[in-house]
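Undergrad: with the sequence up front, the predicted model follows.
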Amino acid sequence: MPKIETWHNHGSKGTRYLWRLDQTIETKSRVLAAVHLEQTPDNILLAIWSVNRAAKRRRDAAESFYEKDLHGFAGAHKKAKDRYYRLKDIGIAWLAHDGHLAAAYRHGQLVVWVGGGYSFHSTLIPHGAELAEAGDNLVRMEAKPAGSKELRLVDAENLLGSLVSVVTNYARITTPWVRLKRERRGRSYDGDIAVDRWDEDEAVD
């Protein structure tokens, strides 16, 4: 039987399991090969949707690990989240450049881009654009057409990463981040909370 130890970490408590080497087996990780998808507007819209969902899952994981003082894990999830959002913006700019997405209005510190039955939030904005503010009465979710299937993340990343980036053709809304100060166990803790914290990623199915 494995020896069980209880551990404490800055006020949190958990259980650690230890095994002898003869109680373990070697496992091999399976590497998923990406399918090379055609650079069509429909595929790119699906890819944006997939990386956007992945980014929000990473965001939530990062916040959870920060709350547990596991900053290394939190940082890794934040890094992955930022990479997914960069890919998302590459896709948005690529589609907007060819007229498949348009900046419809501002929603707080973000722009809502719509097209092909989808809507996405981004800090990208056309140079010199004066967009109306949607206000808080807007349903706070990003949308995709009913019945659309989420691409495998590995395929979505591969597709968006293969696009020629035209992100620099667009400006960015300033102040995309807010600082939230939280008091934790008698000391001050500053956490970066993205403005997209309220952008629930539920599909309109």
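TA: The structure has been received and is ready for your questions. Just so you know, these numbers come straight off a predicted model, no measurement behind them. Residues are numbered from 1 along each chain as shown.

Undergrad: from now on I want contacts and neighbour counts done on CA atoms only, so please keep to that.
TA: Will do.

Undergrad: can you pull out the helices in the chain?
TA: 41-67, 71-97, 153-161 (DSSP state H).

Undergrad: tell me which of those helices sits nearest to residue 132.
TA: Among these, the nearest to residue 132 by C-alpha to C-alpha is helix 71-97 (18.3 Å).

Undergrad: give the buried residues for the closest one.
TA: Neighbour-count burial for helix 71-97 flags 74-75, 77-78, 80-81, 84-97 (criterion: 16 or more other C-alpha atoms under 10 Å).

Undergrad: next: stretch 55-72.
TA: 55-56, 58-63, 65-66.

Undergrad: need those residues in a markdown table with pLDDT and distance to residue 133, can you?
TA: As requested, the buried residues of stretch 55-72 are exported to a markdown table (pLDDT from 0 to 100; distance: C-alpha to C-alpha, whole Å):
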| residue | pLDDT | distance to residue 133 |
| --- | --- | --- |
| 55 | 92 | 25 |
| 56 | 90 | 24 |
| 58 | 92 | 28 |
| 59 | 90 | 26 |
| 60 | 89 | 27 |
| 61 | 89 | 31 |
| 62 | 91 | 30 |
| 63 | 90 | 29 |
| 65 | 88 | 34 |
| 66 | 89 | 33 |
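
Undergrad: the bottom helix or strand of the chain by mean pLDDT?
TA: strand 187-194 (a mean of 34; mean pLDDT, DSSP states H and E).

Undergrad: where in this protein is pLDDT low?
TA: 1-17, 19, 29-31, 135-148, 175-205 (pLDDT under 70).

Undergrad: now with 80?
TA: 1-32, 134-150, 174-205 (pLDDT under 80).

Undergrad: list the contacts of stretch 65-84.
TA: 10, 12, 51-52, 54-56, 58-59, 61-64, 157 (C-alpha atoms under 8 Å, 6 or more residues apart in numbering).
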